[in-house]
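Visitor: generate coordinates for the sequence data below:
(2 chains)
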Protein chains: 2
Amino acid sequence: MHESNFAVLGTGGIGRRMLEVSTEKAGLTPVAACDRHGVAIDHDGLDVDELLAATEGNVASDPEGRDVTTDGGSASTRGSGVKQTGEDAGVVASAQATATETPIDDVIAESDRIDAVLIALPNFEHDFIPRVADRFADADYSGVLVDVLKRSRVIGMLDERADTFRERGITFVCGAGATPGLLTGAAAIAAQSFVEVEAVDIWWGVGLKSGYEDNRGTVREDIAHLPGYDIEDAHKMSDEEIAAVIDEHDGVIEFRDMEHADDVLLERAGICDAADVTVGGILDVTADEKPTTTTVRVTGRTFDGETATNTFQLGDDTSMEANVNGPALGYMKAALRRNRAGEYGVFGPAELMPGF
Amino acid sequence: MHESNFAVLGTGGIGRRMLEVSTEKAGLTPVAACDRHGVAIDHDGLDVDELLAATEGNVASDPEGRDVTTDGGSASTRGSGVKQTGEDAGVVASAQATATETPIDDVIAESDRIDAVLIALPNFEHDFIPRVADRFADADYSGVLVDVLKRSRVIGMLDERADTFRERGITFVCGAGATPGLLTGAAAIAAQSFVEVEAVDIWWGVGLKSGYEDNRGTVREDIAHLPGYDIEDAHKMSDEEIAAVIDEHDGVIEFRDMEHADDVLLERAGICDAADVTVGGILDVTADEKPTTTTVRVTGRTFDGETATNTFQLGDDTSMEANVNGPALGYMKAALRRNRAGEYGVFGPAELMPGF
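Guide: Take a look at the predicted model:
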């Protein structure tokens, strides 16, 4: 077992839970975490319990708090929409953290001692994650970058940077959460019975009552998939406007034909055409129970001429968080191995699976 | 897409279907195939259609035909239990093949031009596949070896050779068929929701009426899992005795607690203890329809304290052959990539997946 360490950019719902799950994983030590107000770095390993307790209640969806995404890490006191616990705001509430105006740069400055970086920042601009990656590449970082992005169009932006990543020695895994991520990988395995995949149908259920506050960013991104909305609309909406949309749907919103990167990620692995992939689901913010069972159906033709459907279902008691964070760390481990072997560039989850 | 080529050792049911499926896979060219009577090698690519037509009816289960396994490839005319089509026996019936007394050695002699070797030979001695691997290693072969073995105890024998494989530049993927193989990989993906896996339950259904003749070797190996039998018993039994056992069960045999390498392969990937894995299933030689739906259930604990079960099911119309051959070639592709990157040694299917 190789021992590896990693940093988390962003200590909202996803980032904090990633730190928590990593404490149950062998061979992975979290050594840095930051939000737009501060940074905690300890190369011997962060005290995750202390950091989580101190930052409980962080929310990563504040639409005013995006300075960190555009100007390289300047702090802002405008983020009044962010609920914070403790005397200081965000990660600075942790005894391990220090306030900074340049949190990402502070992590980059230490990145020669960091094996992997998980990007768990709110992603309102499509090119935001690619630009964060640029900053690591510009600083000659060599190692793993992982994101849990959802949008198909971001993959192309990352691909434009693949040569740079290869030069630097960066192994970038994109879309490594639940969907895309876990379910993309499940589809790649399910495809193995077939010589031709005709359809991949991903249908998810999320119950987010008690987890709502912690996952506002995800909900906001989902709203952008509704007919009549786009990502810019969703980004500009106030929390009250988001709440109004949810109320209009009585708290249960069904999504069809979402722009989820499962499509391009399966296509780039050679498994099917992006057009053969459909993603939809139901979000219920009134209950913690899933409103529908998350299911991946892969329909294909076997070498012996049959048409059949292989099915993967998540247990209803697996939370969205569990299905994002485990896979993200799992794909990170796969990427660390690739990186050690000298395989650099941009990889989707399905490319870290058996070939098709 | 890297173009790679491969050889198949053994042209029984699995070997022939592997050649057939490979014609539908991008980037994989079959260049060699052998059985104990002959060898066909064409580095520009075999004519698979011709070879399959000529060898239709080969059966890989003849208990007398194992000389090839013990003395380095000597031909035998004793194999009267093998049904053969064409004027010559086995692969020699193909216009591309030549008779030889040393088929495996003939492939080894050309192996510096071969990227991967799929071992699809009957496996009655536990150490047979390890000893075939030894011969490739002794000849300084550097590349990929893949098998579709089932038995847990063989993995340890391969592990004893891991240092040699690493010295030679061999990437050995073991247990890369249906189970272990496809279902092991599905279990590895399903595990990603959990921080602790409590149980992996693999339950398979195989309908093998029309495919029976072509898969006698597999049936014979399954018989060895019945209470009161072991692999030596099954090996020594005549075809008539095998048929009698099947008749005793009215053609539908249920297996419980089989020794299937899914257990050790999931343990070595760090996913669970081997003891937490159970494998069973139903074989029906009276129908082509599956007697039960092949299902993998992975039960675990999530980081947020829930216990849940993720489920993977194969469509009933996917044949055993489809579920062996697609995954074997898929894992071969993954292994070719690892091999090019300089990763050598012994890998199970779950180690070619996201880490746990």
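
Visitor: distance check, A:V148 against A:A261.
Guide: The gap separating A:V148 from A:A261 is 10 Å, by C-beta to C-beta, to the nearest Å. For every residue, glycine as well, the C-beta is placed using N, CA and C.

Visitor: what is in contact with those two at once?
Guide: A:G175 (C-beta atoms under 8 Å, 6 or more residues apart in numbering or on different chains).

Visitor: what about A:Y331, which helix or strand?
Guide: For A:Y331, the host element (DSSP states H and E) is helix A:320-340.

Visitor: any regions of the stretch 151-300 of chain A where pLDDT drops low?
Guide: For the stretch 151-300 of chain A, applying pLDDT under 70 flags no range at all.

Visitor: what residues does it have near chain B?
Guide: Applying C-beta under 8 Å from any C-beta of the partner chain, we find that the stretch 151-300 of chain A lies next to chain B at A:L182, A:G185, A:A186, A:I189, A:A190, A:Q192, A:S193, A:F194, A:V195, A:E196, A:G270, A:T299.

Visitor: residue contacts, the closest residue to A:L51 other than its chain neighbours?
Guide: In this structure, A:L51 finds its nearest non-sequential neighbour in A:S94, 4.5 Å apart by C-beta to C-beta, 6 or more residues apart in numbering or on different chains. By C-beta under 8 Å, 6+ apart, the contact list for A:S94 reads A:G38, A:A40, A:E50, A:L51, A:A54, A:T55.

Visitor: and what of A:M157?
Guide: A:H126, A:D127, A:P130 are the contacts of A:M157 under C-beta under 8 Å, 6+ apart.

Visitor: so what secondary structure elements neighbour the helix or strand hosting A:V219?
Guide: Here A:V219, judged by DSSP H and E, is contained in helix A:216-223. Under the contact definition 3 or more C-beta pairs under 8 Å, 6 or more residues apart in numbering or on different chains; DSSP states H and E, helix A:216-223 sits against helix A:13-22, helix A:231-236, helix A:239-248, strand A:252-255.

Visitor: which one, of the ones you listed, ends up nearest to B:V173?
Guide: helix A:13-22 (28.6 Å; C-beta to C-beta).

Visitor: on that earlier part again, what's the farthest-apart pair in the contacts of A:S94?
Guide: Most distant of the contacts of A:S94, by C-beta to C-beta, are A:G38 and A:E50, 14.0 Å apart.

Visitor: before we move on, the earlier item: list the helices and strands the helix holding A:Y331 packs on?
Guide: Helix A:320-340 packs on strand A:4-9, helix A:13-22, strand A:28-34, strand A:116-119, strand A:143-147, strand A:170-173, helix A:182-190, going by 3+ C-beta pairs under 8 Å, 6+ apart.

Visitor: in helices, which of the contacts of A:S94 fall?
Guide: Of the positions in those, A:E50, A:L51, A:A54, A:T55 sit in helices, assigned by DSSP state H.

Visitor: could the helices and strands packed on helix A:216-223 be laid out in CSV, adding mean neighbour count?
Guide: Compiled in CSV, the helices and strands packed on helix A:216-223 are given as follows (neighbours: other C-beta atoms under 10 Å in any protein chain shown):
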stretch, mean neighbour count
helix A:13-22, 25
helix A:231-236, 16
helix A:239-248, 14
strand A:252-255, 16
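
Visitor: residues contacting A:G280?
Guide: Per C-beta under 8 Å, 6+ apart, neighbours of A:G280: A:I202, A:W203, A:W204, A:E254, A:F255, A:R256, A:D257, A:M258.

Visitor: secondary structure element for the residue lying closest to the fourth one once chain neighbours are set aside, which one?
Guide: I take that to be A:E254. Excluding its sequence neighbours, the residue lying closest to A:E254 (C-beta to C-beta, 6+ apart) is A:I282, at 5.0 Å. Per DSSP H and E, A:I282 falls inside strand A:277-284.

Visitor: partner strands of that strand and their direction?
Guide: strand A:196-207 (parallel), strand A:252-255 (antiparallel) (DSSP bridges).

Visitor: so for chain A, the centremost residue is which one?
Guide: When C-alpha atoms, centre = their mean is applied to chain A, the residue found nearest the centroid is A:V148 (1.8 Å).

Visitor: nearest spatial neighbour of it, skipping sequence neighbours?
Guide: A:G177 is the one closest to A:V148 (C-beta to C-beta, 6+ apart), at 3.4 Å.

Visitor: tell me the contacts of the one you found?
Guide: A:I14, A:V148, A:L149, A:K150, A:N323, A:V324, A:P327, A:A328.

Visitor: quick check: the gap between it and A:H260.
Guide: Taking C-beta to C-beta, one finds A:G177 at 10 Å from A:H260.

Visitor: secondary structure class for A:V264?
Guide: helix (DSSP: H, G, I helix; E, B strand; the rest coil).

Visitor: ok, how many other residues are close to it?
Guide: A:V264 has 23 neighbouring residues, counting by other C-beta atoms under 10 Å in any protein chain shown.

Visitor: and it, what is it in contact with?
Guide: A:S152, A:I155, A:G156, A:A274, A:G348.

Visitor: let me have the residues you listed in TSV, extended by neighbour count and secondary structure.
Guide: Listed next are the contacts of A:V264 as TSV, based on neighbours: other C-beta atoms under 10 Å in any protein chain shown; DSSP: H, G, I helix; E, B strand; the rest coil:
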residue	neighbour count	secondary structure
A:S152	21	helix
A:I155	22	helix
A:G156	13	helix
A:A274	16	helix
A:G348	28	coil
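
Visitor: show me which of those residues is closest to B:E3.
Guide: Nearest member of the contacts of A:V264 to B:E3, counting by C-beta to C-beta, is A:G348, at 21.6 Å.

Visitor: thought the closest one was touching A:F172?
Guide: No: the pair A:G348 / A:F172 is not scored as a contact, 9.9 Å apart, by C-beta atoms under 8 Å.

Visitor: just give me the neighbour total for A:D49.
Guide: Neighbours around A:D49, by other C-beta under 10 Å: 11.

Visitor: hang on, I meant A:D112
Guide: For A:D112, using other C-beta under 10 Å, the count is 11.

Visitor: could you find the closest non-adjacent residue to it?
Guide: A:Y141 (7.7 Å).

Visitor: SS state for the one you found?
Guide: coil.

Visitor: surely it touches A:I108?
Guide: Yes: checked against C-beta under 8 Å, the pair A:Y141 and A:I108 is within contact range at 6.7 Å.

Visitor: contacts only, for A:V279.
Guide: Neighbours of A:V279 in contact, by C-beta under 8 Å, 6+ apart: A:T179, A:I202, A:W203, A:W204, A:D257, A:M258, A:H260, A:D262, A:D263.

Visitor: an error on my part: the question was meant for A:T286.
Guide: Here A:T286 is in contact with A:K209, A:D250, A:G251, A:V252 (C-beta under 8 Å, 6+ apart).

Visitor: give the PyMOL command for selecting the buried subset of these.
Guide: The buried subset of the contacts of A:T286, as determined by 16 or more other C-beta atoms under 10 Å in any protein chain shown, is captured in PyMOL by this line:
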select buried, chain A and resi 251
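
Visitor: from the contacts of A:T286, which two are the most distant?
Guide: A:K209 and A:D250 (13.3 Å).

Visitor: for A:K150, give me its contacts.
Guide: A:K150 makes contact with A:G175, A:G177, A:T179, A:P180, A:E221, A:E259, A:H260, A:A261, according to C-beta under 8 Å, 6+ apart.

Visitor: can you say which of those residues are buried?
Guide: A:G175, A:G177, A:T179, A:P180, A:E221, A:H260, A:A261.

Visitor: tell me which of the residues you listed is nearest to A:G342?
Guide: A:G175 (22.8 Å).

Visitor: can you verify the closest one is assigned to a helix?
Guide: No: judged by three-state DSSP, A:G175 forms no part of a helix; its state is coil.

Visitor: now it. Its backbone dihedrals?
Guide: phi 70, psi 50 (degrees, to the nearest 10).

Visitor: ok, the residue nearest to it when sequence neighbours are not counted to A:M320 distance?
Guide: Of all residues not flanking A:G175 in the chain, A:A261 sits nearest, at 4.6 Å (C-beta to C-beta, 6+ apart). Distance, A:A261 to A:M320, using C-beta to C-beta: 17 Å.
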